[in-house]
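In: Next come a sequence and a model predicted from it.
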Amino acid sequence: MITKEEKNIDNILGQTEEFTHDPSMKEDLELLNQCYEAMAMADGSAPDVEEAWQQLKYQRRHRSMHRIIGWAVGTAAAVVALLVMLTHAWTPGEELLYSALLNQDSIVIRVAAHEERMPIMQTESNLSASHKQQYKTVVVPEHQDYHLMLSDGTEVWLNAGTRFTYPEQFTNAERMVSIEGEAYFQVAHNASQPFVVQAGDLRTVVTGTQFDVRNYAGEAPRVTLVEGSVTVHGGGMALPMAPGEGAILEQSKLQVRQTDIEANIAWRDGLLYFQEASLRDILMAMGRWYNMNVVCIDKAEIQHHYHFACDRKGSPATAVSLLRTVTGENVYIKDNTIYVQK
């Protein structure tokens, strides 16, 4: 017998024509179909998906939903868990700063239409030697980081919640890669074949240097130059950078200014490190790394700025306790959620 919820899914699937012309929505529609199939297999009543779909569309327009899809387990239990997450009702007055993703115990490596899953403990690998396909995409889940070496000898460190796409062999005039999330590059020098990193609308061109690129959904893309020189392109501008400078592309305006290198690359050393950062930014980073929801009950509190550092390899309880001690803010954990209130 067809349930009311299954009829709702049929209706929703029939109303998705506006999205089918958008290639970036393909995975979201596949997820919805997985929900339909999962509910057909699940025992008991299915969750109300009407609200879930509306929130799915909202989140798709405001953040990278494909990150959720990339790590969602293709089983009935995982899909139902995702729907529960999407339909969770926060108390009026609370603001959800960060939403935890369904976790997974493997890094995903996509080659064309195929996937290879690697155990998390395999933290270093020369991936370009394993397959003879044209491109690879490495997806690193929350609470993990990853190191790899490209075919030209360039080393790349990927932060949590990152999607990195690169060719197995650099055969074109430029060594082009793309990043969603955050990565640190130690580029092998080759003056005749520039290395290009595309991070949203921000493009970084180098021949051999060390720099960090940050391009998380909902944040302005930015570059931190550690050594050497690069040229950043964005907003119709091309600006050179010197070591110790950072570039940021906000509202289609590209700016280069002095920055704190250590604060921007401390994640490579396993640290959560912030120099005069807002409590909002600190909590967002904690939520992303520990894969926890972050809820603000008092918006004024998250605008305060602090100098904070902790070992991110430790427990979230330890990190939150230290944050509470350093800031004096009422920050606490309950049910996989970090709360901050007055």
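Out: Ah, there it is. Residues are numbered from 1 along each chain as shown.
In: where do the helices sit along the stretch 201-342 of the chain?
Out: 261-265, 279-290, 316-327 (DSSP state H, counting those that start in this stretch).
In: Need those helices in JSON lines (columns: distance to M241, mean pLDDT and mean neighbour count).
Out: Just so you know, the C-beta spots here come from the backbone N, C-alpha and C atoms, and that holds for glycine as well. What follows is the helices of the stretch 201-342 of the chain, written out as JSON lines (distance: least, C-beta to C-beta, whole Å; pLDDT from 0 to 100; neighbours: other C-beta atoms under 10 Å):
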{"stretch": "helix 261-265", "distance to M241": "12", "mean pLDDT": "93", "mean neighbour count": "18"}
{"stretch": "helix 279-290", "distance to M241": "22", "mean pLDDT": "92", "mean neighbour count": "22"}
{"stretch": "helix 316-327", "distance to M241": "32", "mean pLDDT": "93", "mean neighbour count": "16"}
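In: can I get these in a markdown table with distance to K253?
Out: A markdown table is the format used below for these (distance: least, C-beta to C-beta, whole Å):
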| stretch | distance to K253 |
| --- | --- |
| helix 261-265 | 20 |
| helix 279-290 | 20 |
| helix 316-327 | 31 |
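In: Q186: which of the ones you listed is closest?
Out: Closest approach to Q186 among the helices of the stretch 201-342 of the chain (C-beta to C-beta): helix 261-265, 11.2 Å.
In: Output that closest one in PDB with nothing but the alpha carbons.
Out: This file holds the C-alpha atoms of helix 261-265, laid out as PDB (Å, rounded to 0.1, in the frame of the first residue of the first chain):
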ATOM      1  CA  ILE A 261      50.500  32.800   8.000                       C
ATOM      2  CA  GLU A 262      50.700  30.600  11.100                       C
ATOM      3  CA  ALA A 263      47.000  31.000  11.800                       C
ATOM      4  CA  ASN A 264      46.100  30.100   8.300                       C
ATOM      5  CA  ILE A 265      48.100  27.000   7.900                       C
END
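In: Touching that helix from outside, list them.
Out: With contacts defined as C-beta atoms under 8 Å, 6 or more residues apart in numbering, helix 261-265 is touched by 184, 212, 214, 224, 226, 243-244, 246, 273-275, 277.
In: how about 7 Å then?
Out: 184, 212, 224, 226, 244, 246, 273-275 (C-beta atoms under 7 Å, 6 or more residues apart in numbering).
In: ok, now stretch 207-222?
Out: 62-64, 161, 179-191, 194-195, 197, 199-202, 204, 223-230, 246-250, 264-265.
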